[in-house]
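Visitor: using only what follows, build the 3D model:
(one chain, ligands or ions: 1)
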Amino acid sequence: MSDQQKKNAGEAAAAQIQNHTTIGLGSGSTVTYFLDALGRRILEERLDIRGVSSSEKTTRLAAERGIPLVTFSETASLDTAVDGADEISPSLALIKGGGASLLREKIVIEAARRVLIIADEAKAVSVLGSFPLPVEVVMFGWQQTKAKLEAEGLEPVLRQGENGPLVTDNDNYILDCRTGDVSDPAALHRRLKQLTGVVETGIFPDQADEAILGTPEGTSILQ
Ligand code: 5RP
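Guide: Numbering: from 1, shown residues only. Below is the predicted model of the structure:
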């Protein structure tokens, strides 16, 4: 059910992409459906679309689907970024980073003129904070950074991969934090960014322009 909803959202986003544009490609399972549909359109309609990838995994998936990729050395800005989310508030504040790609995702999203979020409808919440907040931290002294996050009352847990701590595409670690209800996402993001050792937080307070939510029947829009 939820996979069908992700597919509905991903396909609806791919249908909106205009020819001759450069697109920020997010990461995650919903984005994979978007890449499937975008790759098909590029092939069938012979579209001139280029992507900037937000993770090593997306780079691989895009290449497999025939989506041409460029980097920020070849393009200064993006027309649209399409990405998933772990939680979406009514004002379109987001928690992201469930797939550990939050830093590159934020760089890509901030380069885009329009940010389109795609997700199954269960990701829409009345207030952020049930999903553990991913915080990317440098490896060196991560225990010290963890202690600082603990002092903020956040109960950080070092994310594990297959063979020990998960290492991000940027050679950092992720600390997943219990926040409780986040009444002011921008303020929490600013507070955590000030801590030495924190590279980026998974709070995207005001970057999204629109969310396409997959439903069992199709999609609904959050603006
Ligand atoms: C990865 C992300 C993903 O976009 C987010 O976790 C949603 O993933 P999915 O579409 O698999 O539910 O932020 O860092």
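
Visitor: only C-alpha atoms for contact and neighbour calcs from this point on.
Guide: Noted.

Visitor: and the longest helix seen in the chain, what does it pack onto?
Guide: Scanning the chain for the helix with the most residues, using DSSP state H, yields helix 29-45. In terms of contacts (3 or more CA pairs under 8 Å, 6 or more residues apart in numbering; DSSP states H and E), helix 29-45 is packed against helix 2-16, helix 56-64, strand 78-83, strand 112-120.

Visitor: and these as CSV, adding mean neighbour count, mean pLDDT and distance to the ligand?
Guide: Formatted as CSV, the helices and strands packed on helix 29-45 follow (neighbours: other CA atoms under 10 Å; pLDDT from 0 to 100; distance: least, CA to the nearest ligand atom, whole Å):
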stretch, mean neighbour count, mean pLDDT, distance to the ligand
helix 2-16, 21, 97, 7
helix 56-64, 17, 98, 10
strand 78-83, 24, 98, 6
strand 112-120, 24, 98, 6
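
Visitor: re the thing from before, what mean pLDDT would you report for the longest helix of the chain?
Guide: In this model, helix 29-45 has a mean pLDDT of 98.

Visitor: for it, buried residues please.
Guide: Across helix 29-45, burial judged by 16 or more other CA atoms under 10 Å covers 29-42.

Visitor: how far off centre is the helix or strand that that helix is followed by?
Guide: Once the chain leaves helix 29-45, the next helix or strand it forms, by DSSP states H and E, is strand 49-53. Centre-to-centre, strand 49-53 and its host chain are 15 Å apart (CA atoms, centre = their mean, to the nearest Å).
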